[in-house]
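J.: attaching a predicted model along with its sequence, questions to come.
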Amino acid sequence: MSFILVGNDLRKAVVDGWPVENGIASDLRSGLILFLPIFLSQIQTPSIVLEFWEYGHELFKSTSETFSAAFVPGDAFNPALIEPREPFFSEPTTPRPTDLRTLKSLTPLQGHASAIHASSLFHLFGEEQQLKLAKQLATLLSPLQGSIIFGIHGGQLTMGLRTEVINYRGSQVFCHSPESWADLWDGEVFKKGSVEVQVKLTKREPRKSDPQGIIMYWLVWSVIRL
């Protein structure tokens, strides 16, 4: 798991051709991070406070100069990080920031992000918070055709609480179904018909070490501007 936290996804994207100067990561703090052009992971009460961003440099033998992707700490629900607004349906009038490393919030990126990755994230929150988070991320997405938000997180066949699964807060986990997740993005977050939602439900059989035999379902999804 630490290989995810130290930034291998962003580094893989850069190796595949994504300009490193156009990559930015965000989390509550630099101790717990998921990446790509924009990665937003919200762990409210982390038990790990190590500086994984710095450990990533140690693991991959890089420095902030040789791997110059930006990092902006903050809470995606906090307007100080992302100012609430409607998604962009025409190009923003404000210019795209030229140096992402100078950013103190993600608000200047609203309407400019061409790819947003958010994995193992939405299932941390309840139904209303998942909608709010989706709306916050949507403000960052460019209105240009092909701009994409994508990820993977816990789901189930029918929308609702998974009574047999408890999250890190000690609460039951709320999960969307493929149908409800598609409806959330196409109609609630974005105008109906303005995005293409691709989503499938995958199934993971119980581990042999799991005495409860819990079957896990995962939503693998993308939201693409049309």
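T.: That came through, no problem.
J.: low-confidence ranges in the protein?
T.: 1-8, 29-53, 163-171, 205-214 (pLDDT under 70).
J.: switch to 80 and redo it
T.: Along the chain, segments meeting pLDDT under 80 span 1-13, 25-58, 64, 68-69, 71, 73, 162-172, 204-215.
J.: where along it do the strands fall?
T.: 24-27, 38-41, 70-73, 115-117, 148-155, 160-166, 172-175, 195-204, 216-225 (DSSP state E).
J.: nearest to Thr98, out of those strands?
T.: strand 70-73 (11.8 Å; C-beta to C-beta). All C-beta spots, glycine's among them, are computed from the backbone N, C-alpha and C.
J.: grab the nearest non-local neighbour of Phe89.
T.: Pro143 (5.4 Å; C-beta to C-beta, 6 or more residues apart in numbering).
J.: tally of neighbours for that neighbour?
T.: By the criterion of other C-beta atoms under 10 Å, Pro143 has 16 neighbours.
J.: for this protein, what's the longest helix?
T.: helix 127-140 (DSSP state H).
J.: which strands or helices does it pack on?
T.: strand 38-41, helix 178-185 (3 or more C-beta pairs under 8 Å, 6 or more residues apart in numbering; DSSP states H and E).
J.: next, the angle strand 195-204 makes with that helix.
T.: Calculated by axes from the mean of the first three to the mean of the last three C-alpha atoms, to 10 degrees, helix 127-140 forms an angle of 130 degrees with strand 195-204.
J.: what angle do helix 127-140 and strand 148-155 make?
T.: Using the same axes, to 10 degrees: helix 127-140 against strand 148-155 is 160 degrees.
J.: now helix 127-140: buried residues?
T.: Residues of helix 127-140 classed as buried by neighbour count (16 or more other C-beta atoms under 10 Å): Gln130, Leu131, Lys132, Leu133, Ala134, Lys135, Gln136, Leu137, Ala138, Thr139, Leu140.
J.: likewise stretch 176-192?
T.: So for stretch 176-192, counting by 16+ other C-beta under 10 Å, buried means His176, Ser177, Pro178, Ser180, Trp181, Ala182, Asp183, Leu184, Trp185, Asp186, Val189, Phe190.
J.: just these now: which is nearest Ser90?
T.: Distances from Ser90 to these, taken by C-beta to C-beta, are shortest for Phe190, at 13.6 Å.
J.: the closest one contacts Ala138, correct?
T.: Yes. With contacts counted by C-beta atoms under 8 Å, Phe190 reaches Ala138, the gap being 6.3 Å.
J.: okay, and the common contacts of those two?
T.: Residues touching both Phe190 and Ala138 (C-beta atoms under 8 Å, 6 or more residues apart in numbering): Pro87.
J.: measure Phe71 to Lys12 for me?
T.: As judged by C-beta to C-beta, to the nearest Å, Phe71 and Lys12 stand 17 Å apart.
J.: more neighbours: which of the two?
T.: More neighbours surround Phe71 than the other of Phe71 and Lys12, with 21 against 12 (other C-beta under 10 Å).
J.: what about that one, distance to Asp183?
T.: 33 Å.
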